[in-house]
Every structure is written in C-alpha cells, then in structure tokens.
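Novice: Have a look at this prediction, sequence included:
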Amino acid sequence: MFLLVDCNNFYTSCEEVFNPKLKDKMVVVLSNNDGCIIARSKKAKENGIGMGEPIFNYKSLIDRKKLIIFSSNFTLYADISQRVQQVLLTFDLDMEIYSIDEAFLFADMLSQDQLIKLAFSMKEKIYKWCGIPVSIGISKTKTLAKLANKIAKKSSSGICFLFNDTEIKNALKNTKIEDVWGIGRKYQKKLKSLSIFTAKNLIDQNDEFIKKNLTVSGLRTSLELRGKSCIDLEDITTFQKSILFSRSFSNKLTSFFDLKEAISTFVSSSAKKLRKQKMMARYMSIFIATSYFDKKNTFYANSSHLNFPFPTYFTSDLIKFADMALKKIYRPNIEYKRAGILLGNFSNENIFQMDLFSSPLSFEKKKRLIKAIDKINQKQKKRSVFFAAEGLNPKWENTPINKSCKYTTSWDELPKIR
DNA sequence: TCTGGGGTCCTAGGACCC
DNA sequence: TCTGGGGTCCTAGGACCC
C-alpha cells in the first residue's frame, strides 16, 4: 500500500507555526517580486481567494486588514519540510520525497488495521513535533493514494483509506477528471470533448484509445486507477537532471550589459547548486522574454542552447558560455521582464571526459580556486566574493516587503519571546 | 532508368507535476 | 501601475550508422 502524506496549506502553515495569531485568518504567501498568490490559508481558500492570482486584485482586502500577506521565505519552508521528513523517517518505511510538502511511503506486510493506526500516529506526531497539519491518503497505487489524499483534505479526520473495490469505485465515480493526478489542463479539455468527465469514465475506456489520446503516461494513470501499480517509489539516490534559475525583474531591463549581469548572477547561483551536488554540466540553455502582459509592445521571447566541449561546474566557464548564448538572442531596444538559465546533461565531478587540450594541472587550480570562493561565501556573508560579471548593484532585484524571519536557520533571527 | 531495411541517438516542444 | 519558479517524462522527426 502507498501512503501519501501532504502538508495542509504548507507555506501559510509554516508562517502560522511562528505566528499563532494568524490562525483562522486569511493569509497568503506571495511569489517572487510579491506578484502572485502561491499559497493560501484555509480561511483564504474559503473566501474564494484564487491560486496564482495577482495580489493587486485583492488590494482593498489588504487595506482593510482582512488579508494578511507574506513574501515567500523558502529558507524557512525548506527547513520545516526537512523536519517533517525527519519525523516521517522515524516510521521506518520506504519513502520518496515527492515535493517540498509531500512524501509517498510504501508499506507492505501491514494489515489494514495497522495501517490505519500508523496513519493516525503519523499525523499526530508531525503536528506535535513540527506544528504542521497533514492529510494522508492510503491506497493500492500512487495515483489512488493521491486521490485518497484529496478526499482526506475534505474530511474531518484528515485521513482517507481506499482499500476495497467498492470504496475505490465510488471514489472514482465522484472524482472529476481534472482532479486525477496526471491529467492537466490540456488533457482535461480533450477528454471532456470525448465525453469523459470522471475518473470512472476514464478507466472504462480501452487501453488503445487511452494510449492514442494521452500517450503511455495516460495509460499508466488509468491502469493505476484500476488498481494496478505502475509507478514505483522513486529511489532517493536518483540524481537531479537539470537545474533551472529564472526570475522576473522588478524593473524591466533593456541594455545588454544589465541583462548580462542578471544572467551571470543566475549562472553563479546555479553553478553553486551544481557544485553542491558534486555534478558537472555539459548543457546550458538561456532564455529571455518581455512581459507577457504588456499589451503596448510586441512580445519577444527567445532561447539559446549550448553544448560545451567538456563538462564543467566552474562559474567562470559558465559565465563565458552564457555570454555567448545571450549574444545570439539579445535584441536591442526591448524591455525585458524575465530571464533564466537551465543547466543539464550532468556528470559526476570525478568521472568525466576532460577536454583534450586542457591540462589537468589548470583544472586542479581552478577547482581549488572555486572551492576557496565557496568556502569564503559560506563562512562570511553571502556574496563576499563574486565575479565582476555579476555586477555590483543589481537593477533587477526586488526587496520583499513582508518576509518573515529565518527562525530556524539563522542565529540572528531566532524567534523572540517577550 | 531502376535504389532497402533495420537500427540508435539527439533535441525541441509539449504534456504533466508541485 | 502591479502578474512565479523549479522540475520530469514522452514523442516525433531528423541525423546518423551498417
């Protein structure tokens, strides 16, 4: 049996842990640049505040102090997530961290009664130790566990089991097709045009039809809904395949120089992430775009891809490559609103093919240099040492206005009790 | 003049997830 | 006026090989 443990309203719940007064209030957490709503408290959801909506739609609610807003604080959320995972580990089951607020667990050799008991004690322990409420769905496959979790969210106990065929059949009948894990916006539309409205409707189709319309992923989904497990627990050791860093700018950028500074900063951050995972990249993609919502000017978006002759995790190399890529897609006199970089095609830092013409000696030298830089930045303030290409005064960064403290990861920001 | 059949690898784009 | 960010998987088509 698979269990899906999912934190309720995760980001706003994290804020509540350190700010109990928020309980039963309308609270939302905002995206970068304080632009869109990316998390809502229960009360906010009940009052019809939509996911992904721009916050300026709710200006009057904020002015009247009915709606409390937070800038996102991912340092805090990631740390709380870690703590929840630690608690889950104490139950000694195979586990897959599926996202910042979800984990799949796999239990065999347990009776239904034991599973029920287990789920209740998990929920209780996580709340007691971390202050985070969770919902748990349990069933025969991951897709059914997801479905059970959705039902659990609405139930008073916060836990839902789908064990026998009648229970499952009923659940499928009452589940809208768009609520099935694996059916997104496009497929939903397609399926509805084919008169498929519920999960039950989907599993009643024949395999060939499903594969033709939804590819093998859709076929897997429907097999899973029928109770046949096709999606295994992901191995924890599976390594990451790409690193993306993208931002919308607070001020639009026009000059090549400004854009280059922003991109170089993105490169520097992604390279740091890459080194942390002891990986090297051989592929880079850069993209830039104007504002999608700017109706006055024509929309421009472009990307440029690059395969390096050798794998690297050196910021210096990557900044040079990024510069080459950016030159290909940059057009003058345009107001850019968004940019990003993607690194991929990874290999291990110790096992890789070197460039035939570079000397191992210079490689070692570069390695020592970058390790030293990382060390300094870790010990001292962030960005004590950085590359000139990143620029001294970023013109695109914004200062979040309503950010809570790093209560759990910074000595200077520990919660104070007065 | 007439020109086969069986493969692999790579990539862009489109779907999905949180 | 103000509109997010980070991932994975699958497929078709093009390039290549023998």
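Specialist: That came through fine. None of these values were measured; they are calculated from a predicted model.

Novice: residues in contact with whichever residue of chain A sits closest to DNA strand C?
Specialist: Per C-beta to the nearest atom of the strand, A:Ser31 is where chain A lies closest to DNA strand C, at 2.7 Å. All C-beta atoms are positioned from the backbone trio N, CA, C, and that covers glycine. Neighbour list for A:Ser31: A:37-38, A:72 [criterion: C-beta atoms under 8 Å, 6 or more residues apart in numbering].

Novice: Kindly report the same for A:Val180.
Specialist: By C-beta under 8 Å, 6+ apart, the neighbours of A:Val180 are A:143, A:147, A:199, A:202, A:221, A:225.

Novice: Could you work out the most separated pair of these?
Specialist: The most widely separated members of the contacts of A:Val180 are A:Leu147 and A:Leu202, with 11.9 Å between them, by C-beta to C-beta.

Novice: For the stretch 251-400 of chain A, which residues are neighbours of DNA strand B?
Specialist: Within reach of DNA strand B by C-beta under 7 Å from any atom of the strand, the stretch 251-400 of chain A has these residues: A:283, A:303, A:305, A:307, A:345.

Novice: Which pair of these spans the longest distance?
Specialist: The two members of those with the most space between them (C-beta to C-beta) are A:Ser303 and A:Asn345, at 15.9 Å.

Novice: Put the buried members of the contacts of A:Val180 into a PyMOL selection.
Specialist: Here is the PyMOL command that picks out the buried ones among those, judged by 16 or more other C-beta atoms under 10 Å:
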select buried, chain A and resi 143+147+199+202+221+225
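
Novice: Return the closest of the contacts of A:Val180 with respect to A:Pro415.
Specialist: Closest approach to A:Pro415 among the contacts of A:Val180 (C-beta to C-beta): A:Leu147, at 37.8 Å.

Novice: pretty sure the closest one is in contact with A:Thr175, am I right?
Specialist: Yes - the criterion here is C-beta atoms under 8 Å, and A:Leu147 meets it with A:Thr175 at 5.9 Å.

Novice: joint contacts of those two?
Specialist: Shared contacts of A:Leu147 and A:Thr175, defined by C-beta under 8 Å, 6+ apart, comprise A:Ala199.

Novice: just to confirm, which helix or strand has A:Val87 in it?
Specialist: Assessed by DSSP states H and E, A:Val87 sits inside helix A:74-89.

Novice: So for the one residue in chain A that gets nearest to DNA strand B, what pLDDT did the model give?
Specialist: Nearest to DNA strand B in chain A, going by C-beta to the nearest atom of the strand, is A:Gly184, at a distance of 2.3 Å. We note a pLDDT of 95 for A:Gly184 in this prediction.

Novice: follow-up on the earlier one: partners of the helix or strand following the helix holding A:Val87, with directions?
Specialist: Proceeding N to C from helix A:74-89, the next assigned helix or strand is strand A:94-99, under DSSP H and E. Under the criterion DSSP bridges, strand A:94-99 sits next to strand A:102-106 (antiparallel) in its sheet.

Novice: Show me the strands in the stretch 251-400 of chain A, by range?
Specialist: A:279-290, A:301-312, A:336-344, A:347-348 (DSSP state E, counting those that start in this stretch).

Novice: just checking, what packs against the first one?
Specialist: Where contact means 3 or more C-beta pairs under 8 Å, 6 or more residues apart in numbering; DSSP states H and E, strand A:279-290 is packed against strand A:242-253, helix A:256-276, strand A:301-312, helix A:315-329, strand A:336-344, strand A:347-348.

Novice: Could I get the CA-only coordinates of that strand as PDB?
Specialist: Taking C-alpha atoms only, strand A:279-290 is exported to PDB below (Å, rounded to 0.1, in the frame of the first residue of the first chain):
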ATOM      1  CA  MET A 279      27.900  17.400 -10.600                       C
ATOM      2  CA  MET A 280      29.200  19.000 -13.700                       C
ATOM      3  CA  ALA A 281      27.100  20.200 -16.600                       C
ATOM      4  CA  ARG A 282      27.600  20.000 -20.300                       C
ATOM      5  CA  TYR A 283      24.500  21.700 -21.500                       C
ATOM      6  CA  MET A 284      23.100  25.200 -21.000                       C
ATOM      7  CA  SER A 285      20.000  26.900 -22.200                       C
ATOM      8  CA  ILE A 286      19.400  30.700 -21.700                       C
ATOM      9  CA  PHE A 287      16.100  32.400 -22.200                       C
ATOM     10  CA  ILE A 288      14.900  36.000 -22.200                       C
ATOM     11  CA  ALA A 289      11.400  37.400 -22.600                       C
ATOM     12  CA  THR A 290       9.400  40.600 -22.400                       C
END
